[in-house]
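[1] what follows is a predicted protein model with its sequence.
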Amino acid sequence: MNALPTISVVIPNWNGAHHLPDCLESIKKLDYPAERLEVIVVDNGSTDASRSLVESNFSWVRLLSLDDNLGFAAACNEGARVATCDCVAFVNNDMRVEQGWLRGLAAGRDLASAYVCVGGVILDWEGRRLGFAGGWVTFYGSAGQEHFLEPMREELVEDGRDLPFACGGSMLIERDVFLELGGFDPAFFAYYEDVDLGWRLWLAGYKVRLAGTARCFHRHHGTGSGIPLYRRALLSERNALFTLIKNVGDENLASVLVSALFLLVRRSVLSSGSARDAFAIDGVDVNETETVRRIALARLHAASDVLADLPQLLDRRRDVQRRRKRDDREIFALFGRPFALLSHDESYMEASLNLRAAFGLDRLFTRQRATRVLVVADGESERLREVARTAAIFSEVVFLSPGKGHLVVEELLAESDLVIADAATIHARTIAEQTAGLLVVDLADGEAAVDPELVRRSDLFLASSQDVSAPRTTTRNGDEPMTVLVVTPEADGLAPLREIFQQPWRWRRHASEPEEIAVPEDLQQLLRFWRERYQSSGYKRRSLNAIRRALPAPVERSLRRFLRRPRLSG
């Protein structure tokens, strides 16, 4: 890029007079050339002092007044239409930005490589917790922020990483591309409109990435907190279905949408508080009415809204699909957590497994970031304790201390999609035989011999020094060199672990079906639920086989599919 692009900063506002001064004052201090910048506040029919505040105190801001509250999506679109610059940058009214925010976003723009949309890093108002540095999407259309409101650590911010979507509260996009694709879908009103836009961008052949140096600070739900939870739930549930119907390809839409609708119904029933027993044919309860929570009805209204909007929704789908330049598998690979759960009720988790098995979703969504890590140490291994502490930055970690029996190891292996083991562990054979996910062995600087079976099964090794010799494993074609990654406590030294956790499939040497998730997240959570329930209820510890025999047949079949032993090379 020769010159900085001209940028229109668009701020949608609805009754945000108490937020706007902090936001606009921070934008006034941007270190971006004033002649290449315009600022537009789109007022969404506010009834507070927002308009007079902007007109009186911020004369350098262009005010676009709408008669009614059209929602976040439509307000952003109106701002983009009247903008006069190359790019549009959206920012929430309840944010303040760092001086370098806009330069950071502009630096991430790379038209030659199709990066036309760039997301910024969002922190809480005090800058101590993370709001957005990456996102994930589920097969049923919901989405979330990685490490949301966890303590901010620089290791969690990877500048330039691909994103499935940029958060609409802090993003930059080429204005002509935004308008060409129809902008944010105004039917969404608010919530998930940025997820839908990100999906459409990737489908159309464009790319989205993170600008790690573009930072802002957010009063979380500063505006949204004024909307009752059940109304927000309706928008979220409806918009997730909108997103699926518009963006999933013809060959996969039926299986994905049916599964999503079944899970929506299950969430509705669970949140209603209604007991199934009252509807039994021979039940004694004959009351014709009962009181249910509005959040349960909101989910049913969401599905009803989709039906009411279906003709227009299908028109929007046809527009999206005619622009398609990438297939579903390429898009699904960006999701990160396709089987993340919105409920941890046992019946809901079992329903997710049943639907996944019945409709073959595990063959569509084959990539998942590491969400459950087991670290196995023998002796007082400070090295592995440090690895576990580092791993906990990126994922949920269980540290297995010395003295635990093989049965405990087997149970924890079954619910872990990434295992990091001491090279000299006494559990080497169990780990080699029963690890379904990625297996990483820590060499502890090569001081201990590695069990041959562990070498054969391992996907890669860790060390704290470049001087460690890589083990070799014997295959039919001779000796195969193993990969050794050097991991040290310094920030740069942690990069290999972050790469392993974010994209474990890249490192797998062993899998009976390489394009299959080893332990999907819904299965991890269900196994963990069972294990913890049996422990807390005073049950005698039972083997996994005993647990499996007690399951309904469809759940057991799904379990068997993902807990089979991986084949060893050679």
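    Received the coordinates, thanks.
[2] can you give me the strands for the stretch 51-200 of the chain?
    62-66, 87-91, 95-97, 115-124, 130-132, 135-137, 143-145, 170-174 (DSSP state E, counting those that start in this stretch).
[3] any chance of the ones you listed in JSON lines, with mean pLDDT and mean neighbour count too?
    Just so you know, the C-beta spots here come from the backbone N, C-alpha and C atoms, and that holds for glycine as well. Putting the strands of the stretch 51-200 of the chain into JSON lines (pLDDT from 0 to 100; neighbours: other CB atoms under 10 Å) gives the following:
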{"stretch": "strand 62-66", "mean pLDDT": "97", "mean neighbour count": "17"}
{"stretch": "strand 87-91", "mean pLDDT": "98", "mean neighbour count": "27"}
{"stretch": "strand 95-97", "mean pLDDT": "97", "mean neighbour count": "23"}
{"stretch": "strand 115-124", "mean pLDDT": "98", "mean neighbour count": "24"}
{"stretch": "strand 130-132", "mean pLDDT": "96", "mean neighbour count": "23"}
{"stretch": "strand 135-137", "mean pLDDT": "97", "mean neighbour count": "24"}
{"stretch": "strand 143-145", "mean pLDDT": "96", "mean neighbour count": "19"}
{"stretch": "strand 170-174", "mean pLDDT": "98", "mean neighbour count": "26"}
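[4] could you dump those into CSV with distance to D22 added?
    Below are the strands of the stretch 51-200 of the chain laid out as CSV (distance: least, CB to CB, whole Å):
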stretch, distance to D22
strand 62-66, 18
strand 87-91, 12
strand 95-97, 5
strand 115-124, 14
strand 130-132, 16
strand 135-137, 25
strand 143-145, 22
strand 170-174, 15
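[5] who wins for proximity to S347 among those?
    The minimum distance between S347 and these falls on strand 143-145, with 22.3 Å, by CB to CB.
[6] helix, strand, or coil at the residue lying closest to A278 once chain neighbours are set aside?
    Nearest residue to A278, sequence neighbours excluded (CB to CB, 6 or more residues apart in numbering): D285, at 4.4 Å. Following DSSP: H, G, I helix; E, B strand; the rest coil, D285 is assigned to coil.
[7] in this structure D285 contacts S274, no?
    No. Using CB atoms under 8 Å, D285 is not in contact with S274; the gap is 11.0 Å.
[8] next, count neighbours for G16.
    23 (other CB atoms under 10 Å).
[9] same question, the one 3 residues further on
    Neighbours of H19 under the rule other CB under 10 Å: 20.
[10] thinking again about what came up before, what's the closest of the strands of the stretch 51-200 of the chain to V9?
    When the strands of the stretch 51-200 of the chain are compared (using CB to CB), the closest one is strand 87-91, at 4.8 Å.
[11] who's in contact with that closest one?
    For strand 87-91, contacts defined as CB atoms under 8 Å, 6 or more residues apart in numbering pick out 5-12, 23, 27, 76, 79-80, 97, 102, 105-106, 109, 168-175, 178, 216.
[12] how does it look with 7 Å?
    5, 7-11, 76, 80, 97, 102, 105, 168-175, 178, 216 (CB atoms under 7 Å, 6 or more residues apart in numbering).
[13] also stretch 486-500?
    For stretch 486-500, using CB under 7 Å, 6+ apart, the contacting residues are 154-155, 158, 386-387, 390-391, 394, 440, 462-466, 485, 507.
[14] report the mean confidence score over the one helix or strand L374 maps to.
    Following DSSP states H and E, one finds L374 within strand 372-376. Mean pLDDT, strand 372-376: 93.
[15] relative to the whole chain's centre, how far out is that strand?
    20 Å (CA atoms, centre = their mean, to the nearest Å).
[16] likewise stretch 72-91?
    26 Å.
[17] list the buried residues of that stretch.
    72-80, 83, 85-91 (16 or more other CB atoms under 10 Å).
[18] bridged to V373, which residues?
    Legend: beta-bridge partners of V373 under DSSP bridges are V397, L418.
[19] what's around it, how many residues?
    Count around V373 with other CB under 10 Å applied: 27.
[20] can you pull the contacts of it?
    V373 touches 391, 395-397, 416, 418, 420, counting by CB under 7 Å, 6+ apart.
[21] drop anything exposed from those residues.
    The neighbour count (16+ other CB under 10 Å) marks 391, 395, 397, 416, 418, 420 as buried among these.
[22] quick one: the residues you listed as JSON lines, columns for pLDDT and distance to L53 too.
    JSON lines is the format used below for these (pLDDT from 0 to 100; distance: CB to CB, whole Å):
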{"residue": "A391", "pLDDT": "87", "distance to L53": "48"}
{"residue": "S395", "pLDDT": "91", "distance to L53": "44"}
{"residue": "V397", "pLDDT": "93", "distance to L53": "48"}
{"residue": "S416", "pLDDT": "91", "distance to L53": "53"}
{"residue": "L418", "pLDDT": "93", "distance to L53": "51"}
{"residue": "I420", "pLDDT": "93", "distance to L53": "54"}
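[23] quick check, nearest of those residues to G141?
    S395 (23.7 Å).
[24] that closest one is in contact with Q368, isn't it?
    No. Look at S395 against Q368 with CB atoms under 7 Å: they stay out of range, at 11.3 Å.
[25] in this protein, which residue is closest to the centre?
    Centroid check for the chain by CA atoms, centre = their mean gives W136 as the closest residue, at 1.7 Å.
[26] fine by me, we can end here.
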